[in-house]
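Asker: A predicted structure for the sequence below; I have some questions about it.
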Amino acid sequence: MRCACARPDDAGLSDPADTIQTQTSCRCGVRLRGEHVRHTPIDGFWQVEYDDPHDEFVDVGNTNVSLRRTAFTVYADGRFLQIRTDSGRRPPTTWPPSEAERVSLFRSSTASAGRFRYDQNADDAAAHTGAVAHTVTMAPDPRDVGARFDCAVTIDGDTAEVRGTDPHGASVHERWRRLSRRGATPLAGAWASGDDDDRWMLLVTAGHYGVVHSKAVSVELPETGELGDADVLAVFESFGSNAGAIVQTATSFDNHPFVASNSSGYEARKHESFFLSSVESDRLMIGFEDDGSDALPWTRLD
């Protein structure tokens, strides 16, 4: 990885298929990885470009939000997070949401996270076309874990034509716009915290992020078919994800959500600031207190 002292032309704007030899240390004092790191042309934070004719707005707190449908995907260091929400998805009227609102929020969004592999078209030396294979390791419906879905991409700068399927097998043909490429700061990349029963994953690009939280579920679910309302309520709190913009400094970061899988209207407010009490090449300590007393460890995913 690179640190915040990297030159602007080191931020991933050259040939996206390059293999980059990184340094082991930097003048800012951050220790960096010394091995070769493979980046892919799909790395970054992407938004689906919808062309919907109508946009409805509703008040949330001291601002308002749009009820447009949204879809964002972030790719970093071989990991991905995708969140999609339907149009007309209204914020809950109470917090926590009522049971009926939880069911509605669950059914009006989809999310998946896990590993991805990018295979470049062998006939395309410029690395503008390829295939992305996804393997789901975290999902709102625990039955989706292990699912695979693929798409073919044609990339033109920071736009892409995407054809394939979603995690449930539905056909997808979309135009995507990249809002940021891979990052150059110590926070950039893929990170994990927790254990098998309570897992977190954080993906960070040059200006955006995606975070997902998944807990083990002990309830018995039907093997196939749509989850009933009681099943939805049983798994609702076991998964959460959001994605948006991020502002980073050497000792802290702020994230501003664009979308969340478990709630609508979450994007109306900035998340509390996070304090970085320790930053190393493969380990972070992240918390809310500036003395680091509540910091939790995050390790880099390679």
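Answerer: Cool, the structure landed.
Asker: all helices in the stretch 51-200 of the chain, in order from the N-terminus.
Answerer: 99-107 (DSSP state H, counting those that start in this stretch).
Asker: for it, which spans come out with low pLDDT?
Answerer: Low-confidence segments of the stretch 51-200 of the chain (pLDDT under 70): 125-127.
Asker: 80 instead?
Answerer: 53-54, 123-127 (pLDDT under 80).
Asker: can you give me the strands in it?
Answerer: 57-60, 63-66, 70-76, 79-85, 109-120, 129-138, 148-156, 159-165, 171-180, 189-195, 198-204 (DSSP state E, counting those that start in this stretch).
Asker: ok, which of the ones you listed comes nearest A250?
Answerer: Comparing the strands of the stretch 51-200 of the chain against A250 with C-beta to C-beta, the closest turns out to be strand 198-204 (14.6 Å). C-beta coordinates here come from the backbone N, C-alpha and C atoms, glycine included.
Asker: and the strands of the stretch 51-200 of the chain as a markdown table, adding mean neighbour count?
Answerer: Shown next, in a markdown table, are the strands of the stretch 51-200 of the chain (neighbours: other C-beta atoms under 10 Å):
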| stretch | mean neighbour count |
| --- | --- |
| strand 57-60 | 13 |
| strand 63-66 | 14 |
| strand 70-76 | 24 |
| strand 79-85 | 24 |
| strand 109-120 | 21 |
| strand 129-138 | 19 |
| strand 148-156 | 16 |
| strand 159-165 | 16 |
| strand 171-180 | 16 |
| strand 189-195 | 18 |
| strand 198-204 | 21 |
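Asker: any idea what the spatially most central residue of the chain is bridged to?
Answerer: In the chain, the residue lying closest to the centroid (C-alpha atoms, centre = their mean) is G210, at 2.8 Å. G210 has these beta-bridge partners by DSSP bridges: L203, A243.
Asker: with just CA atoms, put stretch 48-57 into CSV.
Answerer: Extracted C-alpha coordinates of stretch 48-57, given in CSV (Å, rounded to 0.1, in the frame of the first residue of the first chain):
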residue,chain,number,x,y,z
VAL,A,48,-25.2,2.5,-11.1
GLU,A,49,-26.4,5.3,-13.4
TYR,A,50,-30.2,5.0,-13.4
ASP,A,51,-32.4,7.2,-15.6
ASP,A,52,-35.5,7.3,-13.5
PRO,A,53,-38.0,10.0,-14.6
HIS,A,54,-39.3,11.0,-11.1
ASP,A,55,-37.5,11.7,-7.8
GLU,A,56,-39.5,12.0,-4.5
PHE,A,57,-38.1,13.8,-1.5
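Asker: which residues touch that stretch?
Answerer: Stretch 48-57 is contacted by residues 64-72, 84, 87-88, 159, 174-177 when judged by C-beta atoms under 8 Å, 6 or more residues apart in numbering.
Asker: strands along the stretch 201-302 of the chain, start to end?
Answerer: Using DSSP E, counting those that start in this stretch, strands in the stretch 201-302 of the chain cover 208-215, 239-248, 252-260, 274-279, 283-287, 296-300.
Asker: quick one on the thing from earlier: so which of the strands of the stretch 51-200 of the chain gets nearest P92?
Answerer: Short answer: strand 57-60, nearest of the strands of the stretch 51-200 of the chain by C-beta to C-beta, at 10.1 Å.
Asker: would you list the strands of the stretch 201-302 of the chain in JSON lines and tack on distance to G164 and mean pLDDT?
Answerer: As requested, these are exported to JSON lines (distance: least, C-beta to C-beta, whole Å; pLDDT from 0 to 100):
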{"stretch": "strand 208-215", "distance to G164": "19", "mean pLDDT": "98"}
{"stretch": "strand 239-248", "distance to G164": "20", "mean pLDDT": "96"}
{"stretch": "strand 252-260", "distance to G164": "21", "mean pLDDT": "95"}
{"stretch": "strand 274-279", "distance to G164": "34", "mean pLDDT": "96"}
{"stretch": "strand 283-287", "distance to G164": "33", "mean pLDDT": "97"}
{"stretch": "strand 296-300", "distance to G164": "29", "mean pLDDT": "97"}
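Asker: and of these, who's closest to V103?
Answerer: strand 239-248 (14.4 Å).
Asker: who does that closest one touch, helix- and strand-wise?
Answerer: Counting contacts by 3 or more C-beta pairs under 8 Å, 6 or more residues apart in numbering; DSSP states H and E, strand 239-248 is packed against strand 79-85, strand 109-120, strand 208-215, strand 252-260.
Asker: now the ones you listed as TSV including distance to V103?
Answerer: Shown next, in TSV, are these (distance: least, C-beta to C-beta, whole Å):
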stretch	distance to V103
strand 79-85	15
strand 109-120	12
strand 208-215	19
strand 252-260	16
